[in-house]
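# Sequence first, predicted model second:
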Amino acid sequence: MSDYLIVVVNRARARFFTLEPVEFPEMESGPRLTTRTELENPEIKDDQEMYTDSKTGRGATPQGGGVHGYDDKRDQHLDELRRRFAVRVLEQIKKLSKAEQARTVILAASARMRRFLYPGLDTLTRQGCRVHKLSKNMINFSPQKIHEYLAKDGLVPKQKKP
């Protein structure tokens, strides 16, 4: 059981943490971020090029004809993949916040994922959770670095040294 649920999301991954007190506060530094679970978006990988042509928008006609423009709907397709992943992330947030009885949910999301995640957080605020939204992609940060960043902003208690 934890008061804080911290979620870090980008288009390909989501990491879920809770802030747990240490067993022996006089001997250990605490509280600590503890990893609860991770989700991966199987349809998108950050290091994977999804399209054979990395440039969109131009094509040439056969036999030396003129150049014509086209739109392969790449952005709409990627947005749909992000939206589907956001639904899975929101379900996991609701499940974990209920299981951990978290009163504060902190969501740090990349720029493109925010618009798919933020509207779904309204149900948590109606259930009595405080929701803090950060516009920061921290998916590659270590738990220690995430804790330091959030403590600096005053969102979580600082880690006390023994």
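Here it is on my side, so go on. Bear in mind that the values here come from a model prediction, so they are computed numbers and not experimental data. Numbers count the residues shown, from 1 in each chain.

# Could you tell me which helix of the protein is the longest one?
Ranked by residue count and defined by DSSP state H, the top helix of the chain is helix 74-100.

# So which bits of it are buried?
The neighbour-count check on helix 74-100 (16 or more other CB atoms under 10 Å) flags 78, 81-82, 85-86, 89-90, 92-94, 96-97, 100 as buried. The way it works is simple: take the backbone N, C-alpha and C, and place the C-beta from them, glycine included.

# Let me have those in a markdown table, adding distance to residue 134 and pLDDT as columns.
Below are the buried residues of helix 74-100 laid out as a markdown table (distance: CB to CB, whole Å; pLDDT from 0 to 100):
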| residue | distance to residue 134 | pLDDT |
| --- | --- | --- |
| 78 | 22 | 85 |
| 81 | 23 | 90 |
| 82 | 18 | 91 |
| 85 | 18 | 94 |
| 86 | 16 | 94 |
| 89 | 15 | 95 |
| 90 | 16 | 95 |
| 92 | 18 | 96 |
| 93 | 14 | 94 |
| 94 | 19 | 93 |
| 96 | 18 | 93 |
| 97 | 17 | 92 |
| 100 | 19 | 89 |
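
# Would you format the residues you listed as a markdown table with distance to residue 144 included?
Output for the buried residues of helix 74-100, formatted as a markdown table (distance: CB to CB, whole Å):
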| residue | distance to residue 144 |
| --- | --- |
| 78 | 32 |
| 81 | 31 |
| 82 | 28 |
| 85 | 26 |
| 86 | 27 |
| 89 | 23 |
| 90 | 27 |
| 92 | 23 |
| 93 | 22 |
| 94 | 27 |
| 96 | 21 |
| 97 | 23 |
| 100 | 20 |
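
# Ramachandran angles for residue 116?
Backbone torsions of residue 116, given as degrees, to the nearest 10, read phi -90, psi -30.

# right, and it touches residue 81 too?
No. In this structure, residue 116 is not within contact of residue 81 by CB atoms under 8 Å, at 10.2 Å.

# Excluding chain neighbours, what is closest to residue 103?
Excluding its sequence neighbours, the residue lying closest to residue 103 (CB to CB, 6 or more residues apart in numbering) is residue 3, at 5.2 Å.

# May I ask you to confirm that that neighbour is in contact with residue 19?
Yes. Residue 3 lies in contact with residue 19 (CB under 8 Å); the separation is 7.0 Å.
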